[in-house]
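Trainee: Can you look at this prediction? I've put the sequence above it.
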Amino acid sequence: MTIFNSDYYAPLLETLADKALATFAFILLALTTARLTRLLVNDDWPPSTWFRIKWDTITKDGIWSKIVHCPWCASPYIAVILLAWAVLSNLHWSWWAFTVWMSVSYVASWIVFHDEDPQPQHDDE
């Protein structure tokens, strides 16, 4: 009689691995949604700026133009697109590559931004 029977624990280990994978995918989904929302709504990257201008022209600065100017408005649409890609592709390697890339770039930018020395404030007295 063995103390550790791998056949007995295999389903448990598989379930734990599935949960860990799902948790990691959720974290990547959230970080990628945040990065793409910032890219669309706030960044001055020329393609983002161009897209916002074109979108405003197409929507005639109407109510739908808010999607590219409001992170609260844009992020649900970005999240559902990423989630659909994940589900329909069965978490294809391209989904993993893209979300890891976006997540790492977002986290690195956030760290660099918060790691910078605060700018001295000048009193105008």
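Mentor: Looks like it came in fine.
Trainee: what's near enough to touch Pro11?
Mentor: Neighbour list for Pro11: empty [criterion: Cβ atoms under 8 Å, 6 or more residues apart in numbering]. In short, each C-beta sits where N, CA and C put it, glycine included.
Trainee: What are the neighbouring residues in contact with Leu29?
Mentor: Residues touching Leu29, when contacts are defined by Cβ under 8 Å, 6+ apart, comprise 79, 82-83, 86, 99.
Trainee: swap in Glu116?
Mentor: Counting by Cβ under 8 Å, 6+ apart, Glu116 makes contact with nothing.
Trainee: List only buried entries from the contacts of Leu29.
Mentor: Among those, those buried by neighbour count (16 or more other Cβ atoms under 10 Å) are 79, 82, 86, 99.
Trainee: how close does Thr57 sit to Ile67?
Mentor: 14 Å (Cβ to Cβ, to the nearest Å).
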